[in-house]
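*Asks:* turn this into a model:
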Amino acid sequence: MTNVQREVLDTPDALAERLADFVVAGLGEAQARSGTASLVLAGGSTPRAAYMLLAKAPRRNAIDWTRVTLLFGDERCVAPTDADSNYRMAREALLAHVPLPAPAILRMRGEAPPLVAAAEYAALIRERFGASPRFDLVLLGMGPDGHTASLFPGSDPFVDDDALVRAVYSESKQQWRLTLTPAAINAARSIAIALAGSEKAAVYSAVTSGEGGPLVYPVEAIAPTDGQLTWLVERSALG
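*Replies:* As a prediction, the model looks like this:
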């Protein structure tokens, strides 16, 4: 059963600070439990701000990065050097500043043909984490339309759920994307959904009321099967 917690932060800066501290605590707990930790990164401005905080002391030194594996929840189908690349954002904000071994950074190959890249990433996950992967910590955001990762409204988020990774074409973005499926996300021990901005207030209110369902608001597909879901919400997103 999903255990849901909600925290309200007064400003975007406070939200980024809380998300960074959430990562420090989550990775520390995972390493204390099993010796290693897995972290699935999100794109977006709030995660970027949190990554920049994690790249600096004291948080940088509070994590044993040599025992962390980093993955990505979604990616745009672009080269890793492209300005739209989630990998590039994460590299510039965090990865280039912490002692992570290169093999521990599992990048989605956005430059490859989408279906090929999705299959490759699913195979890589199974190789590293087994047939039924369980990540320690997954970071997500929510768009003003209720999308999360690259699961978009109007398309059943549970299609090919067992595939772990899907290539999807976003009509609204006019772009191919790669995304973890709900099954891959919901198996996690801990999931944090961070959101800021008044433009998200109406959808956040609908989602917290259970309106619409996952086809309308894909973020409603996020419900850990045996883990913790934490909403970190900047106050203006409350409306």
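*Asks:* in the longest helix along the chain, what's buried?
*Replies:* With residue count as the measure and DSSP state H as the assignment, the chain has helix 12-34 as its longest helix. Of all the residues in helix 12-34, those buried under the rule 16 or more other CB atoms under 10 Å are 12, 15-20, 22-24, 26-27, 30-31. Every C-beta, even on glycine, is put in place using the N, C-alpha and C of the backbone.
*Asks:* now stretch 101-111
*Replies:* For stretch 101-111, the buried set under the neighbour-count rule, 16+ other CB under 10 Å, comprises A104, I105, L106, R107, M108, R109, G110.
*Asks:* mind checking which of those are in strands?
*Replies:* When strands are assigned by DSSP state E, not one member of the buried residues of stretch 101-111 lies inside them.
*Asks:* surely A50 meets D13?
*Replies:* No: look at A50 against D13 with CB atoms under 8 Å: they stay out of range, at 10.4 Å.
*Asks:* doesn't R60 make contact with V24?
*Replies:* No: judged on CB under 8 Å, V24 makes no contact with R60 at a distance of 9.5 Å.
*Asks:* find residues that contact each of these two.
*Replies:* Between them, V24 and R60 have L54 as joint contacts when contacts are counted by CB atoms under 8 Å, 6 or more residues apart in numbering.
*Asks:* quick one: contacts for S236?
*Replies:* Remark: with contacts taken as CB under 8 Å, 6+ apart, S236 is in contact with A196, G197, S198, A201.
*Asks:* list only buried entries from those.
*Replies:* Buried residues within the contacts of S236, counting neighbours by 16+ other CB under 10 Å: A196, G197, A201.
*Asks:* give me the pLDDT value at the second one.
*Replies:* If I follow you right, that is G197. At G197, the pLDDT value in this model is 96.
*Asks:* and the contacts of the strand or helix carrying V116?
*Replies:* Counting by DSSP states H and E, the secondary-structure element that holds V116 is helix 114-129. The contact list for helix 114-129 (CB under 8 Å, 6+ apart) reads 38, 69, 71, 77, 106, 108-112, 133, 135, 163-167, 169, 176-178, 184.
*Asks:* tell me the first helix or strand C-terminal of that helix.
*Replies:* Downstream of helix 114-129, the next assigned helix or strand under DSSP H and E is strand 137-141.
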